[in-house]
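Peer 1: test case, fold it:
(chains A and B)
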Amino acid sequence: DTEVTQTPKHLVMGMTNKKSLKCEQHMGHRAMYWYKQKAKKPPELMFVYSYEKLSINESVPSRFSPECPNSSLLNLHLHALQPEDSALYLCASSQDRNTDTQYFGPGTRLTVL
Amino acid sequence: GESVGLHLPTLSVQEGDNSIINCAYSNSASDYFIWYKQESGKGPQFIIDIRSNMDKRQGQRVTVLLNKTVKHLSLQIAATQPGDSAVYFCAENMGGGGNKLTFGTGTQLKVEL
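Peer 2: Numbering: from 1, shown residues only, chains lettered A, B, ... in the order given. Predicted structure coming up:
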(Lines give C-alpha, C1' and ligand atoms only; values in the text may rest on other atoms or scores of the structure.)
Protein backbone atom coordinates (compact mmCIF):
# COMPACT_ATOMS: atom_id res chain seq x y z
CA ASP A 1 0.00 0.00 0.00
CA THR A 2 1.58 3.27 -1.12
CA GLU A 3 -1.28 5.56 -0.19
CA VAL A 4 -0.93 9.09 1.05
CA THR A 5 -4.22 10.80 1.86
CA GLN A 6 -4.90 14.52 1.97
CA THR A 7 -7.84 16.53 3.24
CA PRO A 8 -9.65 18.56 2.19
CA LYS A 9 -9.65 18.00 -1.56
CA HIS A 10 -10.67 21.58 -2.21
CA LEU A 11 -10.41 24.69 -0.03
CA VAL A 12 -11.52 28.24 -0.65
CA MET A 13 -10.41 30.86 1.85
CA GLY A 14 -10.23 34.60 2.26
CA MET A 15 -7.01 36.46 2.91
CA THR A 16 -7.88 36.93 6.60
CA ASN A 17 -8.83 33.31 7.24
CA LYS A 18 -6.88 30.64 9.08
CA LYS A 19 -7.11 27.13 7.72
CA SER A 20 -5.15 23.88 7.82
CA LEU A 21 -4.31 21.17 5.32
CA LYS A 22 -3.88 17.63 6.54
CA CYS A 23 -1.80 14.75 5.22
CA GLU A 24 -1.70 11.18 6.49
CA GLN A 25 0.24 8.04 5.63
CA HIS A 26 0.28 4.62 7.25
CA MET A 27 3.24 3.12 5.43
CA GLY A 28 5.62 3.63 8.34
CA HIS A 29 7.48 6.31 6.42
CA ARG A 30 9.59 8.63 8.53
CA ALA A 31 10.06 11.47 6.03
CA MET A 32 7.21 13.69 4.84
CA TYR A 33 7.15 16.60 2.42
CA TRP A 34 5.02 19.54 1.36
CA TYR A 35 5.09 20.72 -2.25
CA LYS A 36 3.32 23.54 -4.03
CA GLN A 37 2.25 23.15 -7.65
CA LYS A 38 0.93 25.93 -9.85
CA ALA A 39 -1.08 25.12 -12.96
CA LYS A 40 0.96 23.56 -15.76
CA LYS A 41 4.13 23.74 -13.65
CA PRO A 42 6.15 21.09 -11.82
CA PRO A 43 5.88 20.61 -8.05
CA GLU A 44 8.15 22.82 -5.95
CA LEU A 45 9.43 21.66 -2.58
CA MET A 46 8.36 23.68 0.45
CA PHE A 47 9.22 21.65 3.57
CA VAL A 48 10.81 18.36 4.57
CA TYR A 49 10.18 16.60 7.87
CA SER A 50 12.39 13.76 9.01
CA TYR A 51 11.47 11.79 12.13
CA GLU A 52 8.90 14.47 13.02
CA LYS A 53 11.49 17.26 12.91
CA LEU A 54 11.66 19.99 10.30
CA SER A 55 14.83 19.43 8.32
CA ILE A 56 14.34 21.64 5.26
CA ASN A 57 12.45 24.89 4.77
CA GLU A 58 12.84 26.18 1.23
CA SER A 59 12.56 29.83 2.27
CA VAL A 60 8.80 29.58 2.50
CA PRO A 61 6.94 32.68 3.80
CA SER A 62 5.86 32.47 7.43
CA ARG A 63 2.19 32.57 6.46
CA PHE A 64 2.72 28.85 5.80
CA SER A 65 3.40 26.96 9.01
CA PRO A 66 4.05 23.21 8.91
CA GLU A 67 3.51 20.83 11.79
CA CYS A 68 4.24 17.13 12.24
CA PRO A 69 2.29 15.90 15.31
CA ASN A 70 3.41 12.29 14.84
CA SER A 71 5.07 10.04 12.30
CA SER A 72 1.85 9.51 10.33
CA LEU A 73 0.51 13.04 10.18
CA LEU A 74 1.63 16.25 8.55
CA ASN A 75 -0.26 19.52 8.70
CA LEU A 76 0.15 22.80 6.90
CA HIS A 77 -1.35 25.78 8.70
CA LEU A 78 -2.34 28.72 6.55
CA HIS A 79 -2.82 32.30 7.68
CA ALA A 80 -3.10 35.62 5.86
CA LEU A 81 -2.52 34.08 2.46
CA GLN A 82 -2.40 36.00 -0.78
CA PRO A 83 -4.28 35.22 -4.02
CA GLU A 84 -0.97 34.16 -5.60
CA ASP A 85 -0.80 31.35 -3.05
CA SER A 86 -3.64 29.65 -4.87
CA ALA A 87 -2.26 26.31 -6.07
CA LEU A 88 -2.35 22.55 -5.62
CA TYR A 89 -0.63 21.60 -2.37
CA LEU A 90 0.87 18.14 -2.47
CA CYS A 91 2.06 15.98 0.38
CA ALA A 92 4.54 13.17 -0.13
CA SER A 93 6.30 10.62 2.03
CA SER A 94 9.33 8.36 1.80
CA GLN A 95 10.73 5.63 3.98
CA ASP A 96 13.24 8.02 5.42
CA ARG A 97 15.08 11.15 4.45
CA ASN A 98 17.80 9.19 2.74
CA THR A 99 15.48 6.92 0.78
CA ASP A 100 14.62 8.50 -2.46
CA THR A 101 11.27 7.23 -3.66
CA GLN A 102 8.62 9.73 -2.67
CA TYR A 103 4.96 8.80 -2.87
CA PHE A 104 2.49 11.61 -3.38
CA GLY A 105 -1.03 12.22 -2.19
CA PRO A 106 -3.80 13.57 -4.44
CA GLY A 107 -3.31 17.14 -3.26
CA THR A 108 -5.49 19.91 -1.91
CA ARG A 109 -6.67 22.49 -4.43
CA LEU A 110 -6.45 25.84 -2.62
CA THR A 111 -8.10 29.03 -3.82
CA VAL A 112 -7.41 32.28 -1.98
CA LEU A 113 -9.92 35.04 -2.64
CA GLY B 1 6.47 9.62 -31.24
CA GLU B 2 9.30 11.54 -29.53
CA SER B 3 9.56 14.78 -27.58
CA VAL B 4 12.44 16.82 -26.32
CA GLY B 5 10.61 17.59 -23.09
CA LEU B 6 11.73 21.09 -22.40
CA HIS B 7 11.25 22.24 -26.00
CA LEU B 8 8.09 20.33 -26.97
CA PRO B 9 5.78 20.27 -23.99
CA THR B 10 3.09 18.25 -25.81
CA LEU B 11 3.57 14.85 -27.42
CA SER B 12 0.75 13.30 -29.45
CA VAL B 13 0.89 9.63 -30.37
CA GLN B 14 -1.44 7.10 -31.88
CA GLU B 15 -2.79 4.36 -29.69
CA GLY B 16 -0.55 1.32 -29.96
CA ASP B 17 2.55 3.29 -30.95
CA ASN B 18 5.60 3.64 -28.75
CA SER B 19 6.21 6.95 -26.95
CA ILE B 20 9.50 8.51 -26.01
CA ILE B 21 9.58 11.36 -23.53
CA ASN B 22 12.88 13.12 -23.02
CA CYS B 23 14.32 15.10 -20.16
CA ALA B 24 17.54 17.05 -19.75
CA TYR B 25 18.69 17.28 -16.16
CA SER B 26 20.89 19.95 -14.69
CA ASN B 27 23.24 18.53 -12.09
CA SER B 28 25.99 16.10 -13.03
CA ALA B 29 26.19 15.09 -9.35
CA SER B 30 22.58 13.85 -9.30
CA ASP B 31 22.54 10.18 -8.44
CA TYR B 32 18.89 9.20 -8.60
CA PHE B 33 16.18 9.90 -11.13
CA ILE B 34 12.45 9.25 -11.10
CA TRP B 35 9.67 9.47 -13.63
CA TYR B 36 6.23 10.48 -12.40
CA LYS B 37 2.90 10.47 -14.20
CA GLN B 38 0.34 13.08 -13.25
CA GLU B 39 -3.23 12.82 -14.48
CA SER B 40 -5.52 15.81 -14.38
CA GLY B 41 -6.66 16.60 -10.84
CA LYS B 42 -4.39 13.99 -9.25
CA GLY B 43 -1.03 13.87 -7.52
CA PRO B 44 2.11 12.59 -9.25
CA GLN B 45 2.24 8.80 -9.50
CA PHE B 46 5.57 6.97 -9.35
CA ILE B 47 6.34 5.10 -12.58
CA ILE B 48 9.96 4.03 -12.56
CA ASP B 49 13.31 5.10 -11.19
CA ILE B 50 16.97 4.64 -11.99
CA ARG B 51 20.23 5.21 -10.16
CA SER B 52 23.27 6.78 -11.70
CA ASN B 53 25.22 3.51 -11.71
CA MET B 54 22.78 2.14 -14.31
CA ASP B 55 22.02 3.23 -17.86
CA LYS B 56 18.79 1.32 -18.43
CA ARG B 57 15.95 -0.06 -16.38
CA GLN B 58 12.79 -1.77 -17.50
CA GLY B 59 9.37 -2.03 -15.96
CA GLN B 60 6.02 -3.13 -17.24
CA ARG B 61 5.69 -1.43 -20.66
CA VAL B 62 8.11 1.29 -19.58
CA THR B 63 11.85 1.68 -19.95
CA VAL B 64 14.05 4.44 -18.59
CA LEU B 65 17.37 5.26 -20.23
CA LEU B 66 20.04 7.39 -18.60
CA ASN B 67 22.90 9.04 -20.48
CA LYS B 68 25.13 10.70 -17.91
CA THR B 69 27.56 11.97 -20.54
CA VAL B 70 24.99 14.40 -21.91
CA LYS B 71 22.80 14.54 -18.78
CA HIS B 72 19.80 13.10 -20.55
CA LEU B 73 16.99 10.89 -19.35
CA SER B 74 14.24 9.31 -21.40
CA LEU B 75 11.06 7.37 -20.71
CA GLN B 76 9.87 4.91 -23.30
CA ILE B 77 6.30 3.65 -23.17
CA ALA B 78 5.52 0.62 -25.30
CA ALA B 79 2.15 0.18 -27.00
CA THR B 80 0.78 3.47 -25.68
CA GLN B 81 -2.79 3.30 -24.42
CA PRO B 82 -5.42 6.01 -23.83
CA GLY B 83 -4.88 5.59 -20.09
CA ASP B 84 -1.31 6.77 -20.57
CA SER B 85 -2.53 10.27 -21.38
CA ALA B 86 -1.11 12.52 -18.66
CA VAL B 87 1.72 14.91 -17.87
CA TYR B 88 5.04 13.16 -17.31
CA PHE B 89 7.69 14.67 -15.06
CA CYS B 90 11.27 13.61 -14.63
CA ALA B 91 12.82 14.38 -11.26
CA GLU B 92 16.42 14.32 -10.12
CA ASN B 93 17.80 13.93 -6.65
CA MET B 94 20.64 16.35 -6.47
CA GLY B 95 22.28 14.65 -3.48
CA GLY B 96 23.59 16.48 -0.45
CA GLY B 97 21.08 14.85 1.86
CA GLY B 98 17.47 15.73 2.50
CA ASN B 99 16.12 13.75 -0.44
CA LYS B 100 15.38 16.94 -2.36
CA LEU B 101 13.81 16.28 -5.73
CA THR B 102 13.97 18.81 -8.54
CA PHE B 103 11.36 18.30 -11.20
CA GLY B 104 11.63 18.96 -14.91
CA THR B 105 9.08 21.13 -16.67
CA GLY B 106 6.92 18.18 -17.74
CA THR B 107 5.61 16.79 -21.02
CA GLN B 108 1.92 16.39 -21.84
CA LEU B 109 1.32 13.05 -23.53
CA LYS B 110 -1.86 12.80 -25.61
CA VAL B 111 -2.92 9.47 -27.00
CA GLU B 112 -5.08 9.61 -30.08
CA LEU B 113 -7.47 6.80 -30.90
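
Peer 1: tell me the residue of chain A that sits nearest chain B?
Peer 2: residue A:42 (3.4 Å; CB to the nearest CB). In short, each C-beta sits where N, CA and C put it, glycine included.

Peer 1: which residue packs closest to that residue, ignoring adjacent ones?
Peer 2: If the residues on either side of it in the chain are set aside, residue A:42 comes closest to residue B:103, at 3.4 Å by CB to CB, 6 or more residues apart in numbering or on different chains.

Peer 1: any buried residues in stretch B:22-41, and which?
Peer 2: Neighbour-count burial for stretch B:22-41 flags B:22, B:23, B:25, B:30, B:32, B:33, B:34, B:35, B:36, B:37, B:38 (criterion: 16 or more other CB atoms under 10 Å in any protein chain shown).

Peer 1: isn't the fifth one right up against residue B:92?
Peer 2: What that stands for is residue B:32. Yes. The criterion here is CB atoms under 8 Å, and residue B:32 meets it with residue B:92 at 7.3 Å.

Peer 1: sheet partners, orientation included, of whichever strand or helix holds residue A:88?
Peer 2: Assigning secondary structure by DSSP states H and E places residue A:88 in strand A:87-94. Sheet pairing for strand A:87-94, assigned by DSSP bridges, gives strand A:31-37 (antiparallel), strand A:103-104 (antiparallel), strand A:108-112 (antiparallel).

Peer 1: hey, which of these is tucked in deepest?
Peer 2: strand A:31-37 (a mean of 24; mean count of other CB atoms under 10 Å in any protein chain shown).

Peer 1: spell out which parts of chain B neighbour chain A.
Peer 2: B:32, B:34, B:36, B:41-46, B:49, B:89, B:93, B:97-101, B:103-106 (CB under 8 Å from any CB of the partner chain).

Peer 1: give me the buried entries from those residues.
Peer 2: By 16+ other CB under 10 Å, the residues of chain B next to chain A give B:32, B:34, B:36, B:43-44, B:46, B:49, B:89, B:93, B:98-101, B:103-106 as buried.

Peer 1: so what sits opposite the residue of chain B found nearest chain A in the bridge?
Peer 2: Per CB to the nearest CB, residue B:103 is where chain B lies closest to chain A, at 3.4 Å. Using DSSP bridges, the bridge partners assigned to residue B:103 are residue B:91.

Peer 1: ok, and the closest non-adjacent residue to residue A:46?
Peer 2: residue A:34 (4.4 Å).

Peer 1: which parts of chain A sit against chain B?
Peer 2: A:2, A:4, A:6, A:31, A:40-45, A:48, A:55-56, A:90, A:92, A:94, A:97-107.

Peer 1: give me that answer again for 7 Å
Peer 2: A:31, A:42-43, A:45, A:48, A:55-56, A:90, A:94, A:97-98, A:100-107 (CB under 7 Å from any CB of the partner chain).

Peer 1: in strands, which of those residues appear?
Peer 2: A:31, A:45, A:48, A:55, A:56, A:90, A:94, A:103, A:104 (DSSP state E).
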